[in-house]
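J.: fold the following.
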Amino acid sequence: MTTDEELTLLDNQLRRLKIEYEIFFNNPAKRPPNDIEWKVLSLLRKFSDGARLSFSQRYKYNEMAQRYAIQSDLWRKKCRIREEGYRRPQDAILSVQGVRVSSEHEPKRPVYGASRDAKAGVEEPFSVQCSNAAAEREKVESLYKALTAAKAKAGEDVSGSLDSFAAFVKKKTSEIRKQHKCEAVVYSVEMQDGHVKLKAKAKS
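T.: Numbers count the residues shown, from 1 in each chain. Below is the predicted model:
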């Protein structure tokens with residue numbers, strides 16, 4: 001299979017994955033389409049270094065990587081709502097079937113990547129907190145998706161696999177915790193001087 005054929009396959013799998021997730025969220029008895037998502041992630045990782053892609057292929061890949069990052073973040077939020085119930089009025093807009101409706105008086109939980117200053121229209125940097133990166137795979141994957149999506153949107157090179165990124169986060173977390181004697185490390189994806197930056201800071 002040629003590179004163009006594989007990229008076309010990735011595009012088709014992304015479309016199918018979106019449809020399957022829509023079916024999943026509208027049918028409480030359905031299981032999430034993990035098999036299809038695994039195939040999508042495998043293809044995204046295969047071309048993540050961009051070494052074998054032409055300019056047009058790279059553009060097409062970046063568009064699909066960004067699309068997946070945005071959609072997977074939405075699916076993750078919907079899964080959380082499905083498990084925990086609606087916690088904010090705007091959660092109902094996501095139209096997840098079969099959720100448990102929570103009390104209005106329950107404490108609100110922050111959603112990673114969501115704007116905390118909606119009135120001002122300012123979206124805060126995407127951030128996650130890690131204390132044991134090896135055991136917190138979901139957080140590392142969310143951070144990786146946010147970083148690659150931000151770089152793709154900014155037109156920057158999106159390189160490195162999820163596994164290599166996870167190894168980096170694990171090592172960096174251990175180093176910072178040891179150096180600052182802290183409980184956890186907060187990672188954030190931010191724009192600085194027109195470039196996407198991954199920042200890490202100790203959290204006591």
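
J.: buried stuff in the helix or strand that contains Q129?
T.: Per DSSP states H and E, Q129 falls inside strand 126-130. Buried residues in strand 126-130, counted by 16 or more other C-beta atoms under 10 Å: F126, S127, V128, C130. For the C-beta atoms, the positions are set from N, CA and C on the backbone; glycine is no exception.

J.: and what of stretch 157-166?
T.: Quick answer for stretch 157-166 (16+ other C-beta under 10 Å): V158, L162, F165, A166.

J.: off-centre distance for that stretch?
T.: Relative to the centre of its chain, stretch 157-166 is centred 13 Å away, using C-alpha atoms, centre = their mean, to the nearest Å.

J.: and the strands in this structure?
T.: 126-130, 184-192, 195-203 (DSSP state E).

J.: scan this structure for its longest helix.
T.: Longest helix in the chain, counting residues (DSSP state H): helix 55-84.

J.: packing partners for that one?
T.: helix 3-25, helix 34-46, helix 137-154 (3 or more C-beta pairs under 8 Å, 6 or more residues apart in numbering; DSSP states H and E).

J.: export the strands of the chain to a markdown table and tack on distance to S142 and mean pLDDT?
T.: Formatted as a markdown table, these follow (distance: least, C-beta to C-beta, whole Å; pLDDT from 0 to 100):
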| stretch | distance to S142 | mean pLDDT |
| --- | --- | --- |
| strand 126-130 | 6 | 82 |
| strand 184-192 | 10 | 85 |
| strand 195-203 | 13 | 85 |
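
J.: what's the most buried one of the ones you listed?
T.: strand 126-130 (a mean of 19; mean count of other C-beta atoms under 10 Å).

J.: where does pLDDT dip in this protein?
T.: The chain contains residues with pLDDT under 70 at 28-29, 82-125, 159, 204.

J.: got the domain ranges for the chain?
T.: 1-109, 110-204 (automatic domain parsing).

J.: chain center to the last one, what's the gap?
T.: Yep, that's domain 110-204 we're talking about. The answer for domain 110-204 is 10 Å, by C-alpha atoms, centre = their mean.

J.: cool, and stretch 32-50?
T.: 13 Å.

J.: buried ones in that stretch?
T.: Going by 16+ other C-beta under 10 Å, stretch 32-50 has these buried residues: P33, I36, E37, K39, V40, L41, L43, L44, F47, S48.

J.: go on, stretch 59-73?
T.: For stretch 59-73, using 16+ other C-beta under 10 Å, the buried residues are K60, Y61, N62, M64, A65, Q66, R67, Y68, A69, S72, D73.

J.: correct me, but the fourth one touches R15?
T.: Yep, that's M64 we're talking about. No: between M64 and R15 there is no contact under C-beta atoms under 8 Å: 10.2 Å.

J.: so what's A134 closest to, chain neighbours aside?
T.: K170 (5.5 Å; C-beta to C-beta, 6 or more residues apart in numbering).
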